[in-house]
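Q: here's a sequence, model it:
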Amino acid sequence: MVRRRLATLVGGLLLAGSARGTTQGPPIDSAGPRQRFWVRPVASLIVPGTGQLLAGQDRAAVYFAAEIFLLSRYVELSALGDDAAERYRDLAFTVARRGYATVRRDTVFEYYEQMQRFATSGAYDRDPGALFVPEPDPATYNGSVWLLARRTFWADPDSTPDPASIEYQQAVQFYVGRAVGPDFQWSWRDAPLEQQAFSETIRESDGAFREAQTYLGLLLANHLVSAVDAFISSRLAEGLGRPARLETLIGPGGSASVGLRIAF
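A: Residues are numbered from 1 along each chain as shown. Below you'll find the model as predicted:
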């Protein structure tokens, strides 16, 4: 009797263990997925859509297409900006700087901006001798710099102090640091049409570069959105223990909605 009861009890425990193993299955090793969940986000950050492609998600094509379009527009606009910049530099050297510079030397963009505003740079030093006399005509670029220097450091910009005074020397130092030197003087006075074309070409170049920067920002956004998308999908799948993904649905009238699909 005792042996029969023991056999019955052991048999029941074995059946219970067998049933538990059948229901729960083998323990899931979650270390692997936890170690790999970052692969898709990093892949999408480098090449948008790659993380979605690794997960078998159709919207990978959207990220790929956006990347190709945005990158091609950025390259195209940058090339247009460079081409226009080369053209306005050619105009500046062959027309406005002709007779002043024998060797072509480039400089900062602000220099070309001032060439739009002033028909001539004016002289750097009006005295051919040992004295240094800044350009007095405020209608020229150098003359406007000298006027600003006088207004900044002199008590009366129309009353010249002693050339040996601190006020005069400070004004001269201000002028020398900002005025255009002999090698970069210019004049559009005999070429108004060329100056107009020069200004239009600068605006064309500047506009192309600004638009290129906009597309560059959209390119970076495409990388980030794809990486965040892949990260969220990976974390959801890991946390739920089942495949999960975010889906964007386009409804009637162009309305968009975001949904979560979980496999059971």
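Q: number of nearby residues for Y175?
A: Here the number of neighbours of Y175 (other Cβ atoms under 10 Å) works out to 22. Using the backbone N, CA and C atoms, a C-beta is placed for each residue, glycine as well.
Q: swap in the one 5 residues further on?
A: V180 has 23 neighbours, counted by other Cβ under 10 Å.
Q: need the contact list for it.
A: By Cβ atoms under 8 Å, 6 or more residues apart in numbering, the contact set of V180 is 111, 114, 121-122, 124, 141-142, 186.
Q: could you write me a PyMOL select line covering just the buried ones among the residues you listed?
A: Provided next is the PyMOL selection string for whichever of the contacts of V180 are buried by 16 or more other Cβ atoms under 10 Å:
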select buried, resi 121+122+124+141+142+186
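Q: strands - which of the contacts of V180 land there?
A: For the contacts of V180, membership in strands holds for none, with DSSP state E as the criterion.
Q: all helices of the chain, in order?
A: 2-24, 31-36, 39-46, 50-54, 60-91, 109-117, 141-153, 166-178, 192-240 (DSSP state H).
Q: turn the contacts of V180 into a markdown table, including pLDDT.
A: Shown next, in a markdown table, are the contacts of V180 (pLDDT from 0 to 100):
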| residue | pLDDT |
| --- | --- |
| Y111 | 95 |
| Q114 | 96 |
| S121 | 97 |
| G122 | 96 |
| Y124 | 96 |
| Y141 | 98 |
| N142 | 98 |
| W186 | 96 |
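Q: with distance to Q169 added, can I get the contacts of V180 in JSON lines?
A: Below are those laid out as JSON lines (distance: Cβ to Cβ, whole Å):
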{"residue": "Y111", "distance to Q169": "26"}
{"residue": "Q114", "distance to Q169": "25"}
{"residue": "S121", "distance to Q169": "23"}
{"residue": "G122", "distance to Q169": "21"}
{"residue": "Y124", "distance to Q169": "17"}
{"residue": "Y141", "distance to Q169": "22"}
{"residue": "N142", "distance to Q169": "18"}
{"residue": "W186", "distance to Q169": "28"}
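Q: nearest to N222, of the contacts of V180?
A: N222 lies nearest to Y111 out of these, by Cβ to Cβ, at 36.2 Å.
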